[in-house]
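A.B. asks: I need the structure of the sequence given here:
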Amino acid sequence: MMEATNAELYRLVLTDAPYVIGAYAILWIAFVVYLSMVLARMMRLEKEVDLLESAVSKRSGE
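C.D. replies: Coordinates of the predicted model:
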């Protein structure tokens with residue numbers, strides 16, 4: 001048989017579990033959004049660097 005304090009702790013944990021799960025879900029969503037924004041910017045910057053490299057090579061070749 002569980003002690004009264006253990007039963008109370010389990011009751012508290014089970015009632016707060018949706019909030020903890022929701023908080024983790026929000027954190028993961030925010031992390032995925034941030035990561036996708038960083039990757040999109042990185043890809044855009046790579047394209048820009050390629051464009052600048054081709055412009056410099058054309059200019060130096062002339």
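
A.B. asks: How many neighbouring residues does Tyr24 have?
C.D. replies: 10 (other Cβ atoms under 10 Å). In this view, the C-beta of every residue, glycine as well, is placed from N, C-alpha and C.

A.B. asks: any idea which element it lies in?
C.D. replies: helix 4-61 (DSSP states H and E).

A.B. asks: pLDDT averaged over that helix - what is it?
C.D. replies: Mean per-residue pLDDT for helix 4-61: 91.

A.B. asks: where does that helix sit relative to the chain's centre, distance-wise?
C.D. replies: Distance of helix 4-61 from its chain centroid, counting by Cα atoms, centre = their mean, to the nearest Å, is 1 Å.

A.B. asks: what's that helix packed up against?
C.D. replies: Contact here means 3 or more Cβ pairs under 8 Å, 6 or more residues apart in numbering; DSSP states H and E; on that basis helix 4-61 packs against no helix or strand.

A.B. asks: now the residue nearest the centre of the chain: how far from Glu3?
C.D. replies: For the chain, Phe31 is the residue whose C-alpha lies nearest the centre (Cα atoms, centre = their mean; 1.5 Å). To Glu3, Phe31 is 39 Å away according to Cβ to Cβ, to the nearest Å.
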